[in-house]
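Q: Okay, sequence plus prediction incoming.
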Amino acid sequence: MIEVKERTRRKTKAIKSSPEMIGEQVTVNGWVRTHRAQKTFSFVELNDGSEVSNLQIIIESKTPGYESLLEKLQTGAAISVIGTVVESPGKGQSVEVHATRFSIIGEAPSDYILQKKRHSFEFLRTIAHLRPRTNTFGAVSRVRSAMAFATHKFFQERDFAYVQTPLITASDCEGAGEMFSVSTLDKSNPPKNKDGSIDFSQDFFGAEAYLTVSGQLNGEAYAQALTDIYTFGPTFRAENSNTSRHLAEFWMIEPEMAFADLETVMDLAEDYLKYLVSYAMTKCTSDIEFFNKFIDKELIERLTHVIGTPCTRLSYTDAIEILKNCKKKFEFPVSWGTDLQSEHERFLCEEHFKGPVILYNYPKDIKPFYMRVNEDGKTVAAMDLLVPGVGELMGGSQREERLDILLKNMEAHDLDKETYDWYVDLRRYGSTPHGGFGLGFERLVQYVTSMENIRDVSAFPRYPKHAKF
């Protein structure tokens with residue numbers, strides 16, 4: 001093996017986007033996508049993951065070690081190249097690198113599984129550790145990375161404090177009971193109370209504990225001190241949902257604002273959506289163009305429309321009337337008081353309004369205990385932001401700041417007052433109108449990339465019967 005010393009190591013994206021680098025000697029590292037050997041030289045398509053397209057490397061036969069290393073230039077091999085950036089006569093590329101020295105960093109066998117051919121997304125899920133090397137999943141990863149950074153940028157520019165809320169909790173934010181247990185007790189012989197129930201007082205935390213479904217309740221506590229906060233971290237749902245829209249582990253963005261009403265929450269949600277979409281289109285242009293070409297030919301048009309079009313705002317009651325009076329036949333019938341299904345949400349934003357929609361003022365009985373009850377006594381100040389292709393993207397509300405009404409809601413939802421006593425304290429001491437929303441980050445990435453299955457926008461997705469890798 002020929003040792004290659006580090007010179008000015010460059011990413012392929014920087015080389016291809018900087019004409020002023022022509023004539024410069026660089027070191028470039030990456031993985032071989034294809035290799036074509038001619039009589040006196042070889043073409044190598046190199047990709048280092050910095051962008052979707054490859055960088056062409058020309059290696060002449062007089063290059064030191066050429067003959068001995070030629071057979072090792074297999075698809076998938078990791079190589080390091082020192083060479084000069086030159087103008088390329090080839091179509092579709094402005095520059096290429098003419099190698100003066102190269103070495104094999106990591107070999108790949110001839111039966112390397114990711115040869116240059118199409119693989120189904122279903123198959124690639126079985127090799128999730130290798131799929132980031134494909135064009136599609138490399139592009140997904142870059143878009144996701146950019147949007148994660150943009151999330152912090154958006155909130156920091158608006159003076160929101162970033163709060164890291166706990167992943168282990170004794171409170172069920174949603175009141176749905178779909179939580180993963182966390183315990184160190186002996187599963188085969190747990191300690192028991194006199195009535196035969198498990199004695200969780202002997203567990204690690206001295207009580208039943210779970211993986212969190214949301215950081216919202218903890219976030220509310222900090223909003224009541226710092227005014228505007230946001231959380232961004234993993235959350236967990238023990239839902240047995242094998243759908244293209246659900247994961248058991250996903251990342252959630254949850255801003256929370258004191259001195260805010262539902263209108264403020266809706267404004268922030270719409271601003272955040274437009275900011276993130278615009279950022280992705282600006283910073284990941286070649287990746288978005290890739291998705292537009294190979295995944296969804298209407299993607300760029302749809303994203304551009306979202307950025308430039310105000311969200312339609314519609315009450316739940318009015319939405320029900322539209323759904324009841326339309327000619328479309330739904331699998332799930334609609335009536336006032338029923339929770340909307342994905343087919344209803346997608347009809348509203350894809351077919352009826354043809355753009356993003358914010359629904360608000362939902363029936364009290366289908367929403368969690370913490371949402372503020374409206375003056376009609378039947379609805380709560382809740383909102384959902386719907387987008388074409390996905391349906392519900394964000395859900396939020398103004399929170400119930402009135403102590404007496406919150407206690408009644410908790411009783412109606414049969415919640416343990418002792419467990420939530422700390423949360424009730426926030427209404428006892430300096431309570432303010434406040435609100436926020438929650439956004440499943442993977443759904444946003446799914447929307448911006450137009451990937452059909454949410455399992456393909458998570459690096460190592462967790463879903464029922466699957467926790468591999």
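A: Good, I have the coordinates. A quick note: this is a predicted structure, and the numbers were derived from the prediction, not measured. Residues are numbered from 1 along each chain as shown.
Q: Which residues are in contact with residue 340?
A: With C-beta atoms under 8 Å, 6 or more residues apart in numbering as the criterion, the residues that contact residue 340 are 316, 319, 323, 334, 359, 384. To be clear about C-beta, it is placed using only N, CA and C from the backbone, and glycine gets the same treatment.
Q: I misspoke; the intended subject was residue 450.
A: Neighbouring residues of residue 450 by C-beta under 8 Å, 6+ apart: 291, 295, 296, 299, 389.
Q: Go through the contacts of residue 340 and flag which are in strands.
A: Of the contacts of residue 340, the ones assigned to strands by DSSP state E are 359, 384.
Q: Looking at the contacts of residue 340, which one is closest to residue 104?
A: Within the set of these, residue 384 lies nearest residue 104; the separation is 53.2 Å, counting by C-beta to C-beta.
Q: tally of neighbours for residue 67?
A: 8 (other C-beta atoms under 10 Å).
Q: One more: the one 5 residues further on?
A: Summarising burial for residue 72: neighbours were counted as other C-beta under 10 Å, giving 16.
Q: How about residue 348?
A: 24.
Q: Spell out which residues sit in contact with it, please.
A: Here residue 348 is in contact with 314, 319, 322, 323, 357, 359, 386 (criterion: C-beta under 8 Å, 6+ apart).
Q: mind checking the SS state of it?
A: Using DSSP: H, G, I helix; E, B strand; the rest coil, the secondary structure recorded for residue 348 is helix.
Q: Could you report the separation of it from residue 388?
A: In this structure, residue 348 lies at 10 Å from residue 388, with C-beta to C-beta, to the nearest Å as the measure.
Q: Mutual contacts of the two, please.
A: When C-beta under 8 Å, 6+ apart defines a contact, no residue borders residue 348 and residue 388 alike.
Q: one step back: which one of the contacts of residue 450 has the most neighbours?
A: For those, neighbours were counted by other C-beta under 10 Å; the highest total belongs to residue 291, with 23 neighbours.
Q: So that residue: helix, strand or coil?
A: Quick answer, by three-state DSSP: residue 291 is helix.
Q: Surely it touches residue 298?
A: No. Using C-beta atoms under 8 Å, residue 291 is not in contact with residue 298, being 10.8 Å away.
Q: what are the ranges of the helices in the stretch 351-469 of the chain?
A: Chain-ordered helices for the stretch 351-469 of the chain, with DSSP state H, counting those that start in this stretch as the definition, fall at 403-412, 421-428, 441-449.
Q: Pull the number of nearby residues for residue 429.
A: The burial metric for residue 429, expressed as a neighbour count using other C-beta under 10 Å, is 7.
Q: Pull up the gap between it and residue 401, please.
A: Following C-beta to C-beta, the distance that separates residue 429 from residue 401 is 12 Å.
Q: try residue 187
A: In this structure, residue 187 lies at 42 Å from residue 401, with C-beta to C-beta as the measure.
Q: Of those two, give the one with the bigger neighbour count.
A: For residue 187 versus residue 401, neighbours defined as other C-beta under 10 Å are more numerous around residue 401 (19 against 7).
Q: show me what contacts the spatially closest residue to that one that is not a sequence neighbour?
A: The spatially closest residue to residue 401, leaving aside those adjacent along the chain, is residue 431, at 4.7 Å (C-beta to C-beta, 6 or more residues apart in numbering). With C-beta under 8 Å, 6+ apart as the criterion, the residues that contact residue 431 are 224, 401, 402, 403.
Q: Looking at those residues, spot the one nearest residue 411.
A: Closest to residue 411 out of these is residue 403 (12.8 Å), distances taken as C-beta to C-beta.
Q: Tell me who's in contact with the closest residue to the closest one other than its chain neighbours.
A: Setting aside the residues directly before and after it, residue 403 is nearest to residue 427 in space (C-beta to C-beta, 6+ apart), at 4.1 Å. With contacts taken as C-beta under 8 Å, 6+ apart, residue 427 has the following neighbours: 400, 401, 402, 403, 406.
Q: one more time with 10 Å
A: Neighbour list for residue 427: 224, 399, 400, 401, 402, 403, 404, 405, 406, 407 [criterion: C-beta atoms under 10 Å, 6 or more residues apart in numbering].
Q: which one of those has the most neighbours?
A: Using other C-beta under 10 Å as the neighbour definition, the contacts of residue 427 reach their maximum at residue 399, which records 29 neighbours.
Q: Tell me how far it lies from residue 161.
A: Looking at residue 399 against residue 161, where the rule is C-beta to C-beta, the gap reads 18 Å.
Q: now the helices: where do they sit in the stretch 101-250 of the chain?
A: Per DSSP H, counting those that start in this stretch, the stretch 101-250 of the chain carries helices over the ranges 121-125, 135-157, 216-226.
Q: any idea how far the shortest one is from the chain center?
A: Going by C-alpha atoms, centre = their mean, to the nearest Å, the spacing between the C-alpha centre of helix 121-125 and its chain's C-alpha centre is 18 Å.
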